[in-house]
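> generate a structure from the sequence data that follows.
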Amino acid sequence: MFTRHFRHWPPALPKTLSVPQTSLTYNLEVSARRYPGKTALFYYGNAISYRALADDVERFAGWLARRAGVQRGDRVLLALQNSPQFAIAYYGILRADAVVVPVNPMLKTDELRYLAEDSGARVAVLGQELLEQWLPLAGDSLAHGIVAAYSDLLPDSPDPALAGLALPEAVAAPRAPVPAPLTAWLDALGADLRTGPSEAGPDDLAVLPYTSGTTGRPKGCKHPHRTAMATATGGNVWFGACADTVLLASLPMFHVTAMQGSLNGPLQAGATIVVMSRWDRMMAARLIERHRVTAFTGITAMVVDFLSNPQLAEHDLSSLTRIGGGGAAMPEAVAAKLESLLGLPFIEGYGLTETMAPSHINPPHRPKRQCAGIPFFDTDARVVDVDTGAECGPGQTGEIIVSGPQVFTGYWNNPQATAEAFCEHDGKRFFRTGDLGHFDEDGYFFITDRLKRMINAAGFKVWPAEVESMLYAHPSIAEACVISMQDAHRGESVKAVVVLRPERRAQLAGAEDAQREAQRIIDWAREKMAAYKVPRAVEFVDSLPKTATGKVFWRMLQEAEKRKWT
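Now for the predicted structure:
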């Protein structure tokens, strides 16, 4: 096992962790018994106690079981923005012994249909702002749906501390009529139905988040309760989270980073979660000051925006004891500014959907900048040569492979992809991350490149093969290759290199026609896919470079694009 990092392990913490052999649902039950009147969730001025949260979870689970027919192991789609409804639905699904399929609320109808059909989910929970995208699935791919209006859980009177700040449009919107066969959130909970005792154990499937690779459609990552418990429990121990922790939940909870660090971990600890539906730097500063927030997790772009607030110095942020995150390396200048303004280092971590958030994280007492950190509790991480599989030494770049209690059990209904995702090394089964990196003499890991083709657009992962497969549906496109391009604000954005069909190419008279055609493709893509996946630029070429086996040589195009950056 890799132990080089043990010399810098956080003092007083065990190097191995005993994770409770229970379900996530049990965590909430315990916290509700321990701290019934304590605030579990603050939502723009509305305080929801652990007792009230647990009761709503029971009623939600009862409706799923008795009205929607959800049974043990059934998958349920969850498409909500950060909100109390997200937490209630998430734990209600688990309380019904079912499986949460978290969905990015930005997805479009065709993307949603694929997730419903691939997961086999027949029930969905969605925000009312998403009705247009979901209605074509009602009665077809989906048999039941619950529609939530976030404004239902706002306080009766606005919080004076937030005066002058606008709530997100979807949050402020009043409840709208819910068309059949869908059910309104308040009607579902108002039925006050209950179900029997939970039977799910640590090996029952709990969460099925979807991710994509370099070939084909998104794949569901199978996470039983025990893998989710590993990083939720580990995160609490690592950072000393307790019932007096107050966490700002600004990252989207459908993603495993926030799911674990801003929902499952805090609820297990009995902490208080200050929920933001959408990122807003002014709102974040007010909420931190108002609720004496102690911990804040965000992606690099979020922290950059937060520190750029010209009014930041007007707020009392002294309650903060920890700021961290991941998604992209924190620029040196920004990390230095954070330490200068708030006296706090940025604690970076690294993980994937397949590892239910962290496989690596920086020790709070000795973090390194632009560093993935050290292997997490009971995690064995190695760097191996991409071609030979031989283990690399300090400073040598190779693929990072991981073995640990947080590693998923495989891809949903995809044994071939599962087999390809794992390898045997040193007599142990390791997950192949697809990321290139190295470790230093201290055992700290650094991500240097991507073996896979993922594009990181402001913290959102974009998988070129998925975008390409959708672009091929455009009537003018013969071939397409998706690469990343530099973006001053987002870090990276999506670019499509396109070969037009001969008949369409013949219709373009010049540069202005080509420019208009490129914009038409972008506009078309905007109707078909989530905004962060839409190409920001389209470049037309006569042909795409190919390998000897006929595959598109995307690396050549990517390298040519990168040369434009320098």
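> where do the strands sit along the stretch 401-550 of the chain?
422-425, 428-439, 445-450, 455-457, 460-462, 477-487, 491-500, 537-540 (DSSP state E, counting those that start in this stretch).
> low-confidence ranges in the chain?
Scanning the chain for pLDDT under 70 picks out the ranges 212-216, 328, 452, 547-550, 566.
> so which bits of stretch 119-127 are buried?
Ser119, Ala121, Arg122, Val123, Ala124, Val125, Leu126, Gly127 (16 or more other CB atoms under 10 Å). Every residue, glycine included, has its C-beta placed from N, CA and C.
> and that stretch, end to end?
Criterion CA to CA, to the nearest Å; first-to-last residue distance in stretch 119-127 is 20 Å.
> same question for stretch 72-80.
Start-to-end, stretch 72-80 (CA to CA) is 22 Å.
> stretch 177-185 too?
Start and end residues of stretch 177-185 are separated by 11 Å (CA to CA).
> residues making contact with it?
Residues from elsewhere that reach stretch 177-185 (CB atoms under 8 Å, 6 or more residues apart in numbering): 63, 67, 85, 128, 131, 135, 138-139, 143-149, 152, 175, 187.
> just those residues: which are in strands?
In strands, judged by DSSP state E, the following of the contacts of stretch 177-185 are found: His144, Gly145, Ile146, Val147, Ala148.
> for the spatially closest residue to the second one that is not a sequence neighbour, phi and psi?
Taking CB to CB, 6 or more residues apart in numbering as the measure, Gly145 lies nearest to Leu182, with 4.3 Å between them; neighbours along the chain are not counted. Geometry field for Leu182 lists phi and psi as phi -80, psi 160, criterion degrees, to the nearest 10.
> in PyMOL, select just the buried ones from the ones in strands among the contacts of stretch 177-185.
Listed next is the PyMOL selection for buried residues among these, using 16+ other CB under 10 Å:
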select buried, resi 144+145+146+147+148
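> quick check: the farthest pair among the ones in strands among the contacts of stretch 177-185?
The largest separation in the ones in strands among the contacts of stretch 177-185, counting by CB to CB, is between His144 and Ala148 at 13.9 Å.
> touching, Ile401 and Asp435? I think so.
No - taking contacts as CB atoms under 8 Å, Ile401 lies outside contact range of Asp435: 9.7 Å.
> and these two? which has more neighbours close in?
Ile401 (25 against 20; other CB atoms under 10 Å).
> how about that one: what's its closest non-neighbour residue?
Nearest-residue entry for Ile401: Phe430, 3.9 Å, with adjacent residues in sequence omitted and distances by CB to CB, 6+ apart.
> returning to that earlier point: what about the buried residues of stretch 119-127, which are in strands?
If you go by DSSP E, these have Val123, Ala124, Val125, Leu126, Gly127 in strands.
> can you state the direction angle for whatever helix or strand His360 lives in and strand 445-450?
Secondary structure assignment for His360, by DSSP states H and E: strand 357-361. Counting by axes from the mean of the first three to the mean of the last three CA atoms, to 10 degrees, strand 357-361 lies at 120 degrees to strand 445-450.
> ok, and what's touching strand 357-361?
The list of residues contacting strand 357-361 from outside it, by CB under 8 Å, 6+ apart, reads 231, 234-235, 238, 256-257, 259-261, 326, 347-352, 372-376, 379, 381, 402, 404, 406-407, 433, 445.
> let's verify Ser277: helix, strand, or coil?
Following DSSP: H, G, I helix; E, B strand; the rest coil, we place Ser277 in the coil state.
> please report how far it lies from Leu153.
Counting by CB to CB, to the nearest Å, the gap from Ser277 to Leu153 is 11 Å.
> more neighbours: which of the two?
The neighbour comparison of Ser277 against Leu153 (other CB under 10 Å) goes to Ser277, with 25 against 21.
> quick check: phi and psi on that one?
The phi and psi values for Ser277, taken as degrees, to the nearest 10, are phi -70, psi -40.
> wait, it touches Ser83, no?
Yes - the criterion here is CB under 8 Å, and Ser277 meets it with Ser83 at 5.7 Å.
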